[in-house]
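S.K.: Structure here, sequence nowhere to be found:
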């Protein structure tokens, strides 16, 4: 079976023609208002726009004339018809696919202006702080022209700056910052401390990256605790295991002790029995977590060591994943492995996935260069449709057939040979690699071939904009990890904008993109490929793969046919078919993982929403005192004789909030414990998903009652004076420090679950 065509993707939810005729008609009609718009003074734009009814087709046509004139006047960027088309589809709540270099930033701003004129408050979500700040500043003159306020948020923004930014009509921020603001609001003790507003409209940039690739990543709010640091003796043992002491599963995703390895560990740890009741829940789990850290996680692939700390690498972007850490003790295990002081994970106070975060918004739209292939995920998990927007100019890039080799050595040799051949002509080359180690290895081989190159990876990502900007210069050879979300166009001839230099590169054939291996999803391949052929520029792309690539070894188990291998290691059609099949299997597995995780998280999200509603009622009303007064009338009457009602309201609020927050944190810990062992239910012919829902539902039913009971006791026993209540004096301490981070892996396939799977493997 060949690759899915665009027609097939349309059947899976990608609406490339849905309502497009109406959009095109509106754009055509807008030209009739161009003279009217061009005659307006700057000061008239806001008032004229305010008079428009965005639900009327005629008024939308006038709106398009206004933004076309405004973009030309204030940004020196007159929107193309396809940009207006993309904006209209976003105003209808679609995810639009617009190729790299087609002007998504301006299209998104036009859509945001349209929503704002309709009375909405808009969040434009980016993948990082840099893009959020850049786009807000870049588009600000256009927003100002229409009398629409715009602001951005970054990790350094204070609470006051965040509140002010959220008060703007349009707020640009990374998905992480918005998520963490929501989590921090769940700890607010006074209504004035709340930061994040009620969600209204969100426009998601790099929508497939945010809504699919990172949708399963939990955002964590943690607090200080006296959590146990793993036993260093375990790490000493695991670090010195031989290959015969452990084994990897077929996918290379789980590791477990062999029988000989288990005996070695038991003997070295003092003759213990790893499998008795005393050690299964502690020692054996720590051993399996250490195994995972030492033998599955690779330095310069999964993480780098810099400035005395472990920095995780975002696999979908090839850059440092700021604030991310592993769960279930893996972070500390990797720190032990690298000779660093282990850090504590702390107690999880609250958590939310990106998928649940975006699901809070009543209106969602988005834009990306590779939406069609994610159409099924958009439809299934967000009820979103995709509109494919044609390029402003026809794409003339030459996409060559893949070149597949029998092993990695032959592949690398072929890549270097092609780069040398192209480099002699002066044509600029962008080479995509999968990880830091691969990028540095390839740069080494290029250097040996006397081919100078610039490397962009997680170790130097602060310089990314400058490196990418020069990647289109004549003779440039740039080796980069994943290109998604880089946010900078590659201009032919370089960043200086020299037309003569550009023309020279055009004559050479434009940018040549070389992929050194297919990704688990074709979307990431296309994001790399899309760097060439921007806005009708010439370009060329070719992907190299081998049967030793992780994509193939993890997803295909059959042996290759030796007869299909040429003397140079190339494999022709048979090899291409093998790589395509491996990618289809990987994409199917990811969709299944997304579906499973959504099912597991659904009830957790509903429970969180219930707690949030209860908490907001306590925070903003007198409900806490009313409940405690009803439950403990005698205590209330006694206190009311000497203490003002306002003081009692605040004291009751603080008591109720403390115990509700405590109960929710305990419930999250219970959920984590269930997650770590729920896979064992399958051994008893039970459905892990059904059992998970039963367990957490039964526990949650008791939560509100137990929180109220604890609050009643504190209300009766605590010292409440005219100054209120001091919970610290009552031994009820909140965390002295809180911090935010992201769990690097899917929560339901985390190291804890993998450790349990390792145990199951031994028992079998």
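M.R.: Okay, I see it. Computed from a predicted model, the values in this text were never measured in an experiment. Numbering: from 1, shown residues only.

S.K.: Please count neighbours and contacts with C-alpha atoms only from this point.
M.R.: Will do.

S.K.: Can you pull the domain assignment for this structure?
M.R.: Residue ranges of the domains in the chain are recorded as 14-223+354-388, 232-345, 398-587, 618-733, according to automatic domain parsing.

S.K.: Now tabulate those domains in TSV and tack on distance to residue 739 and mean neighbour count.
M.R.: Formatted as TSV, those follow (distance: least, Cα to Cα, whole Å; neighbours: other Cα atoms under 10 Å):
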stretch	distance to residue 739	mean neighbour count
domain 14-223+354-388	5	20
domain 232-345	9	18
domain 398-587	23	20
domain 618-733	15	17
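
S.K.: between those, which has the poorest average model confidence?
M.R.: Out of those, the stretch the model trusts least by mean pLDDT is domain 232-345, with a mean of 81.

S.K.: Give me the nearest residue to the residue most central in space within the chain, chain neighbours excluded.
M.R.: When Cα atoms, centre = their mean is applied to the chain, the residue found nearest the centroid is residue 214 (2.8 Å). Take residue 214 and drop its neighbours on the chain: the residue closest to it by Cα to Cα, 6 or more residues apart in numbering is residue 354, 6.8 Å away.

S.K.: Please tell me I have it right and that neighbour contacts residue 212.
M.R.: No: counting by Cα atoms under 8 Å, no contact exists between residue 354 and residue 212, whose distance comes to 9.2 Å.

S.K.: Give the intersection of the neighbour lists for these two.
M.R.: Common neighbours of residue 354 and residue 212 (criterion: Cα atoms under 8 Å, 6 or more residues apart in numbering): none identified.

S.K.: Look up the closest residue to residue 585, ignoring the ones flanking it.
M.R.: Sequence neighbours aside, residue 555 is the residue nearest to residue 585 in space, at 6.3 Å (criterion: Cα to Cα, 6+ apart).

S.K.: Could you verify my assumption that the one you found touches residue 586?
M.R.: Yes: with contact defined as Cα under 8 Å, residue 555 counts as touching residue 586 (6.5 Å).

S.K.: need the contact list for residue 403.
M.R.: Counting by Cα under 8 Å, 6+ apart, residue 403 touches 542-545, 570-572, 576.

S.K.: Roughly how far does it sit from residue 577?
M.R.: Distance, residue 403 to residue 577, by Cα to Cα, to the nearest Å: 11 Å.

S.K.: remind me, longest helix of the chain?
M.R.: Longest helix of the chain, by residue count under DSSP state H: helix 572-620.

S.K.: And the contacts of the very next helix or strand once past that one?
M.R.: Helices and strands here follow DSSP states H and E; after helix 572-620, the next one along the chain is helix 623-631. Contacts to helix 623-631, defined as Cα under 8 Å, 6+ apart, come from residues 617-618, 635-636, 648-649, 652-653, 656, 711-712, 715.

S.K.: one more time with 10 Å, if that's ok
M.R.: Applying Cα atoms under 10 Å, 6 or more residues apart in numbering, the external contacts of helix 623-631 come out as 614-615, 617-618, 632-633, 635-637, 645-646, 648-657, 708-709, 711-713, 715-716.

S.K.: which residues does the residue nearest to residue 29 when sequence neighbours are not counted contact?
M.R.: Ranked by Cα to Cα, 6+ apart and with sequence neighbours excluded, the top spatial neighbour of residue 29 is residue 61, at 6.0 Å. Neighbour list for residue 61: 23, 25-33, 52, 54 [criterion: Cα under 10 Å, 6+ apart].

S.K.: how close does the residue of the chain positioned farthest from its centre sit to residue 144?
M.R.: Relative to the C-alpha centroid of the chain, counting by Cα atoms, centre = their mean, residue 641 is the outermost residue, at 54.5 Å. Separation of residue 641 from residue 144 (Cα to Cα) stands at 57 Å.

S.K.: The residue nearest to residue 214: what's it in contact with?
M.R.: 175-176, 178-179, 210-219.

S.K.: can we see that at 7 Å?
M.R.: The contact partners of residue 354, taken as Cα atoms under 7 Å, 6 or more residues apart in numbering, are 214-218.

S.K.: Remind me what the helix or strand hosting residue 711 packs against, helices and strands.
M.R.: Residue 711 belongs to helix 688-717 when elements are defined using DSSP H and E. Where contact means 3 or more Cα pairs under 7 Å, 6 or more residues apart in numbering; DSSP states H and E, helix 688-717 is packed against helix 645-677.

S.K.: what angle do the helix it packs on and helix 688-717 make?
M.R.: Interaxial angle of helix 645-677 relative to helix 688-717 (axes from the mean of the first three to the mean of the last three Cα atoms, to 10 degrees): 150 degrees.

S.K.: Just confirm residue 443 is within a helix.
M.R.: Yes: assignment of residue 443 by DSSP: H, G, I helix; E, B strand; the rest coil places it within a helix.

S.K.: give the contact list for it.
M.R.: Contacts for residue 443 were tallied using Cα under 7 Å, 6+ apart; they are residue 453.

S.K.: So it versus residue 597, what's the distance?
M.R.: Residue 443 is 38 Å from residue 597, where distance means Cα to Cα.

S.K.: Repeat that for residue 522.
M.R.: Separation of residue 522 from residue 597 (Cα to Cα): 22 Å.

S.K.: Also residue 133?
M.R.: To residue 597, residue 133 is 32 Å away according to Cα to Cα.
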